[in-house]
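A.B. asks: Predicted structure and sequence below. I'll ask about it afterward.
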Amino acid sequence: MVLSRYLQTVIVAVCASVMVAHAVAAEVVSAPTVSRVEVVLASQYKNQVATLTEEFSQAGMPNVHFQFFRQGQPPQNIGLGREVPADKAREVIRLALKYNLGVGILLPERLFPPRFVTIASSNYDDTVEYPIDQAALARLQNENLTTEEFHRLYQGLTSSRVEPKGRY
């Protein structure tokens, strides 16, 4: 009887330690900082997909999907989900400046999943496009901003009322 209780105690202790180990392991495995990146680029980049994919991967965004404009230049916009870390958001701005000739429009966070990024999307009309000037863009690129401060600034830049320009 004493052996039976001892055995039960050992089994309960082992089960409890296994459950704790699984809980700790689940906390260590976290969601990716950026879940998906969608990029629309000018057709001149069509033959450089491998290089582009590598550059985005090195920037910490391996799940990147490219589309290419047939003619002309795609819109100079970016859109970020509310949980994209500030360092990744700054990388998005850097890549948009490099491959899309600038960032002139921000798309509000509310349109996207939490860890989603888009560069040069033509899926949105002027009712959700927020123009950004170079001074405001420079404030977003400030490396001293924490993720919370970055998103507070981004939300502030994309929360005023936008008057449609009549394109649609």
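C.D. replies: Perfect, I can see it now.

A.B. asks: all strands of the chain, in order?
C.D. replies: 36-41, 64-68, 77-80, 105-107, 116-119, 130-131 (DSSP state E).

A.B. asks: Could you list the low-confidence segments of the protein?
C.D. replies: 1-32, 162-168 (pLDDT under 70).

A.B. asks: So it: which segments form each domain?
C.D. replies: Following automatic domain parsing, one finds the domains of the chain at 1-30, 36-157.

A.B. asks: ranking those domains by burial, who's on top?
C.D. replies: Highest mean neighbour count among these (mean count of other CB atoms under 10 Å): domain 36-157, with a mean of 17. Just so you know, the C-beta spots here come from the backbone N, C-alpha and C atoms, and that holds for glycine as well.

A.B. asks: Would you reformat the strands of the chain as JSON lines and include distance to residue 86?
C.D. replies: JSON lines is the format used below for the strands of the chain (distance: least, CB to CB, whole Å):
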{"stretch": "strand 36-41", "distance to residue 86": "16"}
{"stretch": "strand 64-68", "distance to residue 86": "19"}
{"stretch": "strand 77-80", "distance to residue 86": "10"}
{"stretch": "strand 105-107", "distance to residue 86": "15"}
{"stretch": "strand 116-119", "distance to residue 86": "13"}
{"stretch": "strand 130-131", "distance to residue 86": "19"}
